[in-house]
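Student: Just need the structure, nothing else, for what follows:
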Amino acid sequence: MNCIIDVWEASRGETRSMPAKKLRVEVYDWDGNKYSITFEGKVTRDKVLKLFDIIEALGGVSESDFVYDNMDEITQFDKVKYIIEKYFPVVWFKSKDVAFAYEQEFGESIKLSTVSTYLARLVDKGFLIRKGSQNSRRYRIATEFAKPVVGRSF
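Tutor: As a prediction, this is how the structure comes out:
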């Protein structure tokens, strides 16, 4: 499943960080169907989490998709890829986001230049999509590499 999230100021139509007046989430399933969810009003963390619950109900990412047998045996590159798949499966992110999540997950620091190098390699391999200029670069997982998701039964 592929997801695009736009947070923007409804009155001006410009992209910005939360809080915002409007949040739009577009989700594409593996059959090419598009689901658009728009929230207008005061966007809070709790409301965003509820929207992600809805995405999960449509076939969100399962926690079991990210289990490695022994995290001590995987390379730093694979750990970065793991962080991206676990924490940023359907959203745009920056290298700083990956470095922060890496340090939280593994309890070890990683240089931002190292993260940037790994992200560039993942772009070269076609695993990630990159947009923006060098100082405002953002990434997301390419649709063909997004893990298949299994919907919930209600």
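Student: show me where the protein has helices.
Tutor: Remark: helices of the chain, listed N- to C-terminal, are 45-57, 76-87, 95-106, 112-124; assignment by DSSP state H.
Student: Of the ones you listed, which is nearest T38?
Tutor: helix 45-57 (9.8 Å; Cβ to Cβ). C-beta coordinates here come from the backbone N, C-alpha and C atoms, glycine included.
Student: So for G132, which of the helices of the chain sits nearest?
Tutor: Comparing these against G132 with Cβ to Cβ, the closest turns out to be helix 95-106 (11.3 Å).
Student: Show me what that closest one is in contact with.
Tutor: The contact list for helix 95-106 (Cβ atoms under 8 Å, 6 or more residues apart in numbering) reads 71, 79-80, 83-84, 86-88, 108-112, 115-116, 119, 137, 139.
Student: now V25, which residues is it bridged with?
Tutor: I5, I37 (DSSP bridges).
Student: Check the spacing between it and A142 real quick.
Tutor: Counting by Cβ to Cβ, to the nearest Å, the gap between V25 and A142 amounts to 19 Å.
Student: quick one, which of the two is more surrounded?
Tutor: When V25 and A142 are compared for neighbours, V25 comes out ahead with 21 against 15, by other Cβ atoms under 10 Å.
Student: can you count the residues close to R140?
Tutor: As a burial measure, the neighbour count of R140 was computed by other Cβ under 10 Å and equals 21.
Student: Surely R121 and Q76 touch.
Tutor: No. Contact criterion Cβ atoms under 8 Å: R121 and Q76 do not qualify, at 11.9 Å.
Student: List phi and psi for K111.
Tutor: When quoted as degrees, to the nearest 10, the phi and psi of K111 stand at phi -70, psi 140.
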